[in-house]
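Peer 1: okay, predicted coordinates and the sequence, questions at the end:
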Amino acid sequence: MKYEDAIKKYDPVIGIEVHVELGTATKMFDAAPNTFGGGPNTNVTPTSLGLPGSLPVVNEKGVEYAIKIGLALGCEIAETCRFARKNYFYPDVPKDFQTSQSDEPIAAEGQVEVELEDGTIVTVPVERAHMEEDAGKNTHVGGATGRIQGADHSLVDYNRAGVPLVEIVTHPITGTGERAAEVAAAYVRTLRDIFRALDVSEARMEQGNVRADVNVSLRESPEAPLGTRTETKNVNSFRSIERAVRFEIARQATLLEAGEKVVQETRHFHEETGETSSGRPKSDADDYRYFPEPDLVPLQPSREWVDQLRASLPELPAQKRRRLLGEWKFSDLEMRDIVNAGLLEAIEDTVTAGAKPAAARKWWTGEVARLANQEDKRPTEIVTPAQVAGLVDLINEGKLNDKLAKDVLTGVSAGEGEPAEVMKARDLEIVEDTGALEAAVEEAIAANPDVVEKIKGGKMQAIGALMGPIMKATRGQADAGKAKDLILAKLGV
Amino acid sequence: MTELTNKSALELAAGLKSGEFSSVDVTQAHLDRIASTEDDFNSFITVTDELALETAKAVDAKRSAGEDLHTLAGVPVALKDLVVTEGTRTTAGSKMLENWVPPYESTVHNKVKAAGLPVLGKTNLDEFAMGSTTEHSAFGNTRNPWNLDHVPGGSSGGAAAALAGFQAPLSVGTDTGGSVRQPAAFTGTVGVKPTYGSISRFGIIAMASSLDQVGPMGRSVADAAALHELLAGHDPLDSTSLPDEVGGFLNAAQTSELKGKKLGVIKQLAGEGYQDGVRTAFTAALETAAAAGAEIVEVDCPSISYALDAYYLIMPSEVSSNLARYDGMRYGLRVEPESGPVTAETVMSATRAAGFGDEVKRRIILGTYALSAGYYDAYYGSAQKIRTLVQNDFAKAFAACDVLVSPTTPTTALKFGAEKAADPMALYLGDVATIPANLAGIPGLSLPAGLAEGLPVGFQILAPAREDVKLYEVAGPLEAALESAGGRVLDTLAEGLNAK
């Protein structure tokens, strides 16, 4: 069954778990550096290797970042919470338990407003955000596929073990209907933007800083009880999230149509095919034997600290969009184009530097974007907001017209200097010297007696025929209005 | 035995300071003593003679150079083989770590090194500190110097035997449910379990994290106090480490009086189920204390009756998680399955089957069960509630007295094999008096209080949390009173050993 048909017949319910690696200097429970890369097993201490006798110490910065995320998601921050041990045997987990949080997360019950392509806002309910540590990384060697099946041995790199994570878990997201896949991707994108705005993570999907597990289930109707869900693990790009949800909805619908049952299990997503495949069966009875981590004391973030962090929160992307939409009076469509082009910040900074919002938008989404595109760069890489604001200033002062301004922009982007400097260096300033203009006008009148006759005869549009030679003589820098006034004055019309 | 091995740690410290003898002399004397007695006692898993002499030489050189040294500088010490020592194998008494040489240092060993105490070696213990006889070591039984047919107690059995056998003047043990106090009682030595968090656990191989505590051991209260002062103090590497200032233990042990002290006899820990000789010795000690001016009162701690049950849920639960890391993947023993595919899972399974002894496996299974979904509330959850009740009971009891007292153990040292004869529960009951202190996190001390049928009896003192000094305020003068009344318990043993 196709996705399009599946969502007509069934009501999809999705749930998303997002893990974000925090950008702290050191790991969550020890002093090993938290950096990407490095030789295998070099960013480790006895604690991140789980050596006998080693003990964890909480990274306060990690807690601060987790609280910030919780606050940004509108969650309640717990007055007291604990870490818990999640016990399971796996070679990439050095202690054979993961230090996580169980029934006492640092943040609970919030929501995220997610904006879809067409401007629709969907509110995603957040159940909790909790702190935990990442595992190491297994590499399976000797097999054809790089998977554990068929490999002849595996290598484990513990550099990532102990890296601080925050896991954000949604409540079941209902009512998305045909837009389920789009909502899933947009939700993760929104979180990614929030992490970046908070400066708690580089939030680079391609480096695995942000990873999503996507739960999907179908039911006959919104009134029916929730269906059996599958959890597709580690889907690591927005596009993949959308594809995984689409695939799962279609796959589950096909099963249900055939009278079969959906098996509760974890599934793997395959980038190449866009399909998911069965992982291991998972039941709610998965027994991690959680219990409070006795090597750590309960965490009690003071209310003063939480309030301080709340006050220091930067404006979040959604808030900023709403505020700027009101201030700038753009249309929804214009605003969305700006956001999608990643130009919101640049335009805001340009406006702050003195330009009018409409002018700032026109230059950034127009000529700057075109030039950047030509050079295969991002617009903000070729000019700065201050430079665009400077350019707009020169136009407003009458020193440049749009055509000249484009030349100036080309110069600025080529690194020739600030707009005013480029204008001077390239000699592009609109000619204010009436002497030079008068000479050009007189010359044009003398050279075109037939045109002059027409003008004198009342054919005012014939003036245009004189403008060409005037502009040529002044290399385009003549102010067209002034030239016209001069012609009329000279001819006594 | 020589004059040097017979001295207390503080006597040795004084002699070193006055130049009467050198640390090399003292260290060599103890190493010789170890060499001549290890066949009998088997107190050590590893003897680190070269390292010990190296440290001794360095300390002697510093002393000659007139450097400021720690009081105990140059006095040898033995470390339980649960204390991580960088570069020296640390086994936890287990086949699992038989050849594990730690690449990092424990805080305890760091402190010992910084103070200049030569480390004689790593003492024997029940595997991963689980047991009360040292019969659960993968490195053979340690025998009680008082009678080689008897166990030295456990799990710090090697540490206690090394003291009683005059192989070491000081020992570092660990106490999760009595593992320092019970072997001290069985060997006529002094063992202290400080307040939870008093001594850093960083680099102490974990058994049950919320109960484990490093304990100083010596042949006298003052020696233990001096070692306690050396080892205690805040450690940023241990999140459960207390921020408290440390000090005054030795002074309290040496200058306090029993006069005016109120000793509370715990009603639930005297009488029933106790060996006659133990009861007699305990009562006699109370009379001696009273004669020296102490006031004896009886106090009620009803929830102590449930402490053992709670302990045997919390301890194995934490054990099951703490010992999960021994999986053959990173360090220690690795065993591949005899047949079938070699996968991470089968290697983990084969390694754990081969590397752990029965008692460890028993506790891992118990703990895994107690933490299982559906049982957590009934077992681990309820046990934590009992823990709170025990703490409340102690708080009430301490309102009525300065310290609480009881026999340390219901019996004197058992004979080898007693455990196999009885069911494990009977042996677990032997910890009934020591376990409550671990559950409540309060400090406890055992000192010798005479003999029963030729074996030492332990007298336990408990104090409120973070008031470890109160242990010494009572134990110091009580030790003096008992020795002046009945002589020094260990002198009896020393005579016997000399006669041999």
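Peer 2: Looks like it arrived, so ask away.
Peer 1: domain assignment for the chain?
Peer 2: I'll assume chain A. Using automatic domain parsing, the domains assigned to chain A come out as A:3-309, A:315-425, A:434-491.
Peer 1: actually it's chain B I care about, not the one you picked
Peer 2: Described in terms of automatic domain parsing, the domain architecture of chain B consists of the residue ranges B:3-256+B:413-499, B:309-381.
Peer 1: most packed of those domains?
Peer 2: The highest average neighbour count among those, using mean count of other Cβ atoms under 10 Å in any protein chain shown, belongs to domain B:3-256+B:413-499 at a mean of 23. Any C-beta I mention is one placed from the backbone N, CA and C, and that applies to glycine too.
Peer 1: can you classify B:G154 by secondary structure?
Peer 2: Three-state call for B:G154 (DSSP: H, G, I helix; E, B strand; the rest coil): coil.
Peer 1: show the contacting residues for the spatially most central residue of chain A.
Peer 2: The central residue of chain A, meaning the one whose C-alpha is nearest the mean C-alpha position (Cα atoms, centre = their mean), is A:D193 at 4.5 Å. Under the criterion of Cβ atoms under 8 Å, 6 or more residues apart in numbering or on different chains, the neighbours of A:D193 are A:L316, A:P317.
Peer 1: what helix or strand is it located in?
Peer 2: For A:D193, the element it lies in under DSSP states H and E is helix A:180-198.
Peer 1: quick one: mean pLDDT over that helix.
Peer 2: The pLDDT scores in helix A:180-198 average 95.
Peer 1: what's the answer for stretch A:371-379, then?
Peer 2: 89.
Peer 1: list the contacts for residue 71?
Peer 2: Chain wasn't specified; assuming chain A. Contact criterion Cβ under 8 Å, 6+ apart gives A:I77, A:A107, A:V306, A:L309, A:R310, A:L313 as the residues in contact with A:L71.
Peer 1: should've been chain B
Peer 2: Counting by Cβ under 8 Å, 6+ apart, B:T71 makes contact with B:L10, B:A13, B:A226.
Peer 1: quick check: the residue of the stretch 1-150 of chain A nearest chain B.
Peer 2: Across the stretch 1-150 of chain A, no residue is closer to chain B than A:D96, which sits at 3.5 Å (Cβ to the nearest Cβ).
Peer 1: I'd say that residue and A:A135 touch.
Peer 2: No. Proximity of A:D96 to A:A135 does not meet the contact threshold set by Cβ atoms under 8 Å, at 10.8 Å.
Peer 1: which residues do these two both contact?
Peer 2: When contacts are counted by Cβ under 8 Å, 6+ apart, A:D96 and A:A135 have A:Y90 as shared neighbours.
Peer 1: ok, residues contacting stretch A:238-258?
Peer 2: Counting by Cβ under 8 Å, 6+ apart, stretch A:238-258 makes contact with A:1-3, A:5-7, A:9-10, A:12, A:14, A:180-182, A:184-185, A:188-189, A:205, A:212, A:214, A:216-218, A:227, A:230, A:232, A:235, A:261-262, A:267, A:269, A:271, A:274-276, all of which sit outside it.
Peer 1: excluding chain neighbours, what is closest to the residue in the stretch 351-500 of chain B that chain A sits nearest to?
Peer 2: Taking Cβ to the nearest Cβ, chain A has its nearest neighbour within the stretch 351-500 of chain B at B:L371, 3.8 Å off. Once its chain neighbours are removed from consideration, B:L371 has its nearest residue in A:R289; the separation is 3.8 Å (Cβ to Cβ, 6 or more residues apart in numbering or on different chains).
Peer 1: repeat that for B:A206.
Peer 2: The spatial neighbour of B:A206 that comes closest, neighbours along the chain excluded (Cβ to Cβ, 6+ apart), is B:N322 at 4.3 Å.
Peer 1: which ones are touching B:S106?
Peer 2: Contacts here follow Cβ under 8 Å, 6+ apart; on that basis B:S106 touches A:G53, B:V83, B:V84, B:T85, B:S200, B:F202, B:G203, B:I204.
Peer 1: the stretch 101-250 of chain B: helices as residue ranges?
Peer 2: According to DSSP state H, counting those that start in this stretch, the stretch 101-250 of chain B carries its helices in the segments B:107-115, B:157-164, B:181-187, B:221-231, B:249-255.
Peer 1: where does the chain dip in pLDDT?
Peer 2: I went with chain A, as the question did not name one. In the predicted model of chain A, residues A:144-147, A:281-285, A:432-433 satisfy pLDDT under 70.
Peer 1: nope, chain B
Peer 2: B:1, B:271-272, B:419-426, B:500.
Peer 1: that one: strands as residue ranges?
Peer 2: Taking DSSP state E to define them, one finds strands in chain B at B:44-47, B:77-80, B:119-123, B:170-175, B:190-193, B:213-218, B:262-266, B:295-299, B:403-407, B:444-452, B:455-462.
Peer 1: can you redo these as JSON lines with distance to A:E327?
Peer 2: As requested, the strands of chain B are exported to JSON lines (distance: least, Cβ to Cβ, whole Å):
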{"stretch": "strand B:44-47", "distance to A:E327": "74"}
{"stretch": "strand B:77-80", "distance to A:E327": "70"}
{"stretch": "strand B:119-123", "distance to A:E327": "72"}
{"stretch": "strand B:170-175", "distance to A:E327": "66"}
{"stretch": "strand B:190-193", "distance to A:E327": "67"}
{"stretch": "strand B:213-218", "distance to A:E327": "62"}
{"stretch": "strand B:262-266", "distance to A:E327": "74"}
{"stretch": "strand B:295-299", "distance to A:E327": "73"}
{"stretch": "strand B:403-407", "distance to A:E327": "72"}
{"stretch": "strand B:444-452", "distance to A:E327": "69"}
{"stretch": "strand B:455-462", "distance to A:E327": "70"}
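Peer 1: nearest to A:A72, out of those strands?
Peer 2: Across the strands of chain B, A:A72 has its closest neighbour in strand B:213-218 (41.5 Å, Cβ to Cβ).
Peer 1: kindly report the residues of the stretch 251-400 of chain A close to chain B.
Peer 2: Near chain B, the residues belonging to the stretch 251-400 of chain A are A:A285, A:D287, A:R289, A:Y290, A:F291, A:P294, A:D295, A:L296, A:V297 when assessed by Cβ under 8 Å from any Cβ of the partner chain.
Peer 1: put together CSV for those residues, with secondary structure and neighbour count on each row.
Peer 2: What follows is these, written out as CSV (DSSP: H, G, I helix; E, B strand; the rest coil; neighbours: other Cβ atoms under 10 Å in any protein chain shown):
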residue, secondary structure, neighbour count
A:A285, coil, 8
A:D287, coil, 16
A:R289, coil, 24
A:Y290, coil, 19
A:F291, strand, 25
A:P294, coil, 22
A:D295, coil, 23
A:L296, coil, 20
A:V297, coil, 14
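Peer 1: out of those residues, which one sits closest to A:I382?
Peer 2: A:I382 has its nearest neighbour among those in A:L296, at 49.5 Å by Cβ to Cβ.
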